[in-house]
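Chemist: Let me see the structure of the following:
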Amino acid sequence: MKEEVWGKYQEVAKRFEHKVKFEDREDIRQEIILEIVSAKARNGDKPFTGATMYKISSYVVADYWRKQKRGPQILSLNETIEDGEGNETELIEMLADDNDIDLDAWLDAKVWLSGCPRRLIEIARNRVEGIPLQAKDQECLRRFRKKRSKKALVSVGF
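Modeler: Coordinates of the predicted model:
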């Protein structure tokens, strides 16, 4: 008899688990079952219908979304947080500085430019400054782009 009751609780919970995020479905199923069991215990000998279980389940799902919407509240930038490796850092230290140079991008650009034809760099400078390109510059740029696209296709495997 008890197995039948638990099976019914699980069946009701399964009907509601699709209403939450995928990664939280098992947790919400357990929460719904626990809430139904505790409500049944509080109810005593009074009748406990399927409609009551559905109502409890919908409240558990609604509470889940309320908690998701609120999320963790940060009170201060001086609050310390822990990363996955056990290091503690103040939140203020995690803010990005708009004036900082992205060293990886800068090095990538510098390396790319060091292997780039000098004429192409002059063409790029003219485009940045808004100087119209002459026909020979346009042809040089077109040839470079065509050669570059062929290399990309070969590296992908086409």
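Chemist: For residue 14, which residues are in contact?
Modeler: residue 29 (Cβ atoms under 8 Å, 6 or more residues apart in numbering). From N, CA and C alone the C-beta is placed, and that goes for glycine too.
Chemist: gap between it and residue 115?
Modeler: From residue 14 across to residue 115, the span is 59 Å (Cβ to Cβ, to the nearest Å).
Chemist: How about the strand or helix carrying residue 137, which residues are buried there?
Modeler: Element membership of residue 137, judged by DSSP states H and E, is helix 135-156. Residues 137, 140-141 are the ones in helix 135-156 that count as buried (16 or more other Cβ atoms under 10 Å).
Chemist: Show residues contacting it.
Modeler: With Cβ under 8 Å, 6+ apart, helix 135-156 has contacts from 117, 119-120, 123, 126, 133.
Chemist: Export those residues to TSV and append columns for pLDDT and neighbour count.
Modeler: Shown next, in TSV, are those (pLDDT from 0 to 100; neighbours: other Cβ atoms under 10 Å):
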residue	pLDDT	neighbour count
117	81	10
119	86	13
120	84	15
123	87	20
126	88	14
133	86	13
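Chemist: Throw these into TSV and include secondary structure and distance to residue 42, thanks.
Modeler: Shown next, in TSV, are those (DSSP: H, G, I helix; E, B strand; the rest coil; distance: Cβ to Cβ, whole Å):
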residue	secondary structure	distance to residue 42
117	coil	79
119	helix	82
120	helix	77
123	helix	78
126	helix	79
133	coil	79
